[in-house]
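> Using only what follows, build the 3D model:
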Amino acid sequence: MEDILAKVIRIDLDIYYLSVEHKNEIIQSKLRGNLKKSKNILVGDIVKVEKIGQDYMIKDIIERKNSLIRPPVSNIDQMIIVVSVGAPSPDYILLDKQLVLCMSKNIKPIICVNKIDLISEDKVVKEELEYINSIYSNIGVDIVYVSAKNGDGIDKLKMLIKGKTSAFSGNSGVGKSSITKKIIDKLEVIEIGEIGKKTKRGKHTTKAVKLYTIGDDTYILDTPGFSSYELYDIEYRELTKYYPEFLKYSCNYDDCMHVLESIDVCAIKQNVEKKNIDKGRYERYVYIYQKLKEQYDRRYK
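Just a heads-up that it's a prediction; the model follows:
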């Protein structure tokens with residue numbers, strides 16, 4: 001019998017819940033003994049499975065496209081970064097951190113602007129929307145505009161996630177849960193909970209990383225605390241290469257970090273002054289750089 005290819009969508013103790021590739025089917029599997037010590041399987045992994053009698057066994061893991069430390073997950077295609085143009089106002093430091101993470105891990109970022117139903121009511125909301133559109137669309141980030149309240153833009157968002165494994169992130173109050181609920185409610189969800197009832201294992205499950213599968217090889221990552229992460233495995237000296245607008249310019253020194261250097265030798269500082277690079281985004285870069293350097297210094301001193 002040929003190997004089955006499947007995606008790990010949840011791990012519960014020693015049971016692996018797998019979504020079979022190109023089928024709306026979920027199976028339970030265990031790990032072959034030779035993999036238990038040598039492989040650390042993550043939610044999101046693509047695995048090879050063999051059927052032995054009535055049991056499924058994971059025999060190998062396909063090489064990962066990417067993986068994250070926190071949350072522990074792999075093979076994310078895109079991150080839907082939800083921001084709100086109403087209360088709460090956008091957390092641009094968090095947004096920029098998420099973009100850095102995406103670019104460092106080969107994850108496509110999509111900014112999802114929620115609460116667009118408030119645009120006509122508030123001048124500040126209009127200004128926030130204009131800022132997001134002008135700054136982030138200019139660096140090549142796709143932006144989708146939605147209202148979780150009235151459903152505007154949800155169909156477009158559903159098209160963007162179709163056939164992809166997408167992580168939704170965003171700080172508290174931006175409407176991330178409301179948006180994902182609308183998507184999940186309107187599409188067919190294969191509930192792992194049903195399997196849990198049959199096997200009487202549901203009561204043992206924990207609030208851990210899991211993927212919702214909603215048909216057509218479309219997955220949504222659900223994990224607690226995703227928006228609170230830090231940039232754990234990015235070194236401060238690498239940060240500059242994850243800012244597309246910086247890459248257009250060449251400083252006098254190849255190792256220029258655009259922080260302590262003089263404006264006379266730093267093309268980035270010069271172009272901030274000329275307004276070719278957004279001053280706010282540059283200032284947030286400096287803040288993130290300093291935090292990463294502090295982490296580095298604490299680790300190696």
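
> mind listing what's buried in stretch 281-293?
281-282, 284-285, 288-289, 291-293 (16 or more other Cβ atoms under 10 Å). (C-beta placed from N, C-alpha, C; glycine too.)

> Which pair in those residues has the greatest spatial separation?
Spatial extent of the buried residues of stretch 281-293 (Cβ to Cβ) is set by the pair R281 and K293 at 18.6 Å.

> Quick check: helices, which of the buried residues of stretch 281-293 are part of them?
281-282, 284-285, 288-289, 291-293 (DSSP state H).

> and which of those residues is nearest T213?
Among those, I288 lies closest to T213 (Cβ to Cβ), at 34.2 Å.

> The stretch 1-150 of the chain: helices as residue ranges?
33-36, 92-104, 123-136 (DSSP state H, counting those that start in this stretch).

> Can you tell me which helices and strands the second one packs against?
Read that as helix 92-104. strand 78-84, strand 108-114, helix 279-300 (3 or more Cβ pairs under 8 Å, 6 or more residues apart in numbering; DSSP states H and E).

> can you dump the C-alpha coordinates of it into PDB?
Extracted as PDB, the C-alpha positions of helix 92-104 are listed here (Å, rounded to 0.1, in the frame of the first residue of the first chain):
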ATOM      1  CA  TYR A  92       2.600  49.500  14.900                       C
ATOM      2  CA  ILE A  93       5.600  48.000  16.900                       C
ATOM      3  CA  LEU A  94       3.800  44.700  17.100                       C
ATOM      4  CA  LEU A  95       2.800  45.000  13.400                       C
ATOM      5  CA  ASP A  96       6.500  45.600  12.400                       C
ATOM      6  CA  LYS A  97       7.700  42.700  14.500                       C
ATOM      7  CA  GLN A  98       5.200  40.400  12.800                       C
ATOM      8  CA  LEU A  99       6.400  41.600   9.400                       C
ATOM      9  CA  VAL A 100      10.000  40.900  10.400                       C
ATOM     10  CA  LEU A 101       9.000  37.400  11.500                       C
ATOM     11  CA  CYS A 102       7.200  36.800   8.200                       C
ATOM     12  CA  MET A 103      10.100  37.900   6.100                       C
ATOM     13  CA  SER A 104      12.600  36.000   8.100                       C
END
